[in-house]
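Asks: sequence plus the predicted model coming up.
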Amino acid sequence: MTTNIDLVAPEKPRYDRAEFLASAAKFHQCPADLGWEVAFAGRSNAGKSSAINSLTKNKKLARTSKTPGRTQLLNFFSLSDQQRLVDLPGYGFAKVPLAMKREWTQQLETYLQERQSLQGLILLMDCRHPLQPFDEQLIEWALSADMPCHILLTKADKLKRGAQQSAKLQVEKTLRERSGKLSVQVFSSLKHQGHEALIAKLDEWLTQPLG
């Protein structure tokens, strides 16, 4: 039986070749837990799907909507036979019954705690409203699991350059004492800002030796 330890690190992925692989409503419905995987997480209005579409140069790859909370499945996109991106359900969406919110929170936590192929977490936050309570909860989970976490301060086009850097410095200052596994950058899907830094981080995680 093949395990992650048996796999040889692949070459850098081609993000413009990303294809939809599968959706999972429950953790047990996820694709085989082998290879390298990076998950995108964030509040419903943080721009997760837009960031994935911008990264892959495919406006239709990840579903986007003006209605927060439309991503209510774990959506997997293949970059190669061994590499994947995952669009996680947006948290904090308003027009969803409380019972459904609890169910999705449970599925999200199970995925983050048990998925062996998960190599890192991209955590998206609106640069104007960073470090909301559930953002902090995900950061604490990442730290407790010794999981690298790269924060995208999205919608940077909504702020002037100086305000963007001020927001980034403030988040870095808040997180400075926690761990070296946390990193921060500004990002704009609309203006294609920050793609090089994001790709460098994804390349690092999706090609690192396993085991």
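Replies: Good, I have the coordinates.

Asks: for this protein, what spans make up the strands?
Replies: 19-24, 36-42, 74-78, 83-87, 118-126, 149-154, 182-186 (DSSP state E).

Asks: what sits up against the first one?
Replies: Residues lying outside strand 19-24 but in contact with it, judged by C-beta atoms under 8 Å, 6 or more residues apart in numbering, are 29-31, 61, 73-78, 84. All C-beta spots, glycine's among them, are computed from the backbone N, C-alpha and C.

Asks: distance from it to the middle of the chain?
Replies: Its chain's C-alpha centre and that of strand 19-24 lie 15 Å apart, by C-alpha atoms, centre = their mean, to the nearest Å.

Asks: direction included, what does it pair against?
Replies: Note on strand 19-24: by DSSP bridges, its sheet partners are strand 74-78 (antiparallel).

Asks: for the second one, same thing?
Replies: Sheet pairing for strand 36-42, assigned by DSSP bridges, gives strand 83-87 (parallel), strand 118-126 (parallel).

Asks: can you list these in a markdown table and add distance to Leu98, mean neighbour count and mean pLDDT?
Replies: Formatted as a markdown table, the strands paired with strand 36-42 follow (distance: least, C-beta to C-beta, whole Å; neighbours: other C-beta atoms under 10 Å; pLDDT from 0 to 100):
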| stretch | distance to Leu98 | mean neighbour count | mean pLDDT |
| --- | --- | --- | --- |
| strand 83-87 | 23 | 25 | 96 |
| strand 118-126 | 24 | 23 | 96 |
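
Asks: tabulate those (JSON lines), appending distance to Ala197.
Replies: Output for these, formatted as JSON lines (distance: least, C-beta to C-beta, whole Å):
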{"stretch": "strand 83-87", "distance to Ala197": "16"}
{"stretch": "strand 118-126", "distance to Ala197": "11"}
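
Asks: among those strands, which comes closest to Lys57?
Replies: Comparing these by their distance to Lys57 (C-beta to C-beta), the top pick is strand 83-87, with 13.3 Å.

Asks: check contacts around the nearest residue to Asp146 once chain neighbours are set aside.
Replies: Closest residue in space to Asp146, ignoring its immediate chain neighbours: Lys181 at 7.1 Å, by C-beta to C-beta, 6 or more residues apart in numbering. Neighbouring residues of Lys181 by C-beta under 8 Å, 6+ apart: 142-143, 146-149.

Asks: with respect to Ile199, which of the residues you listed is nearest?
Replies: The nearest member of these to Ile199, counting by C-beta to C-beta, is Pro148 at 15.4 Å.

Asks: roughly how far does that closest one sit from Glu114?
Replies: Using C-beta to C-beta, to the nearest Å, Pro148 is found at 17 Å from Glu114.

Asks: neighbour-wise, which of these two wins?
Replies: Pro148 (20 against 11; other C-beta atoms under 10 Å).

Asks: just confirm that one contacts Gln208, I think it does.
Replies: No - using C-beta atoms under 8 Å as the test, Pro148 is too far from Gln208 to be in contact (9.5 Å).
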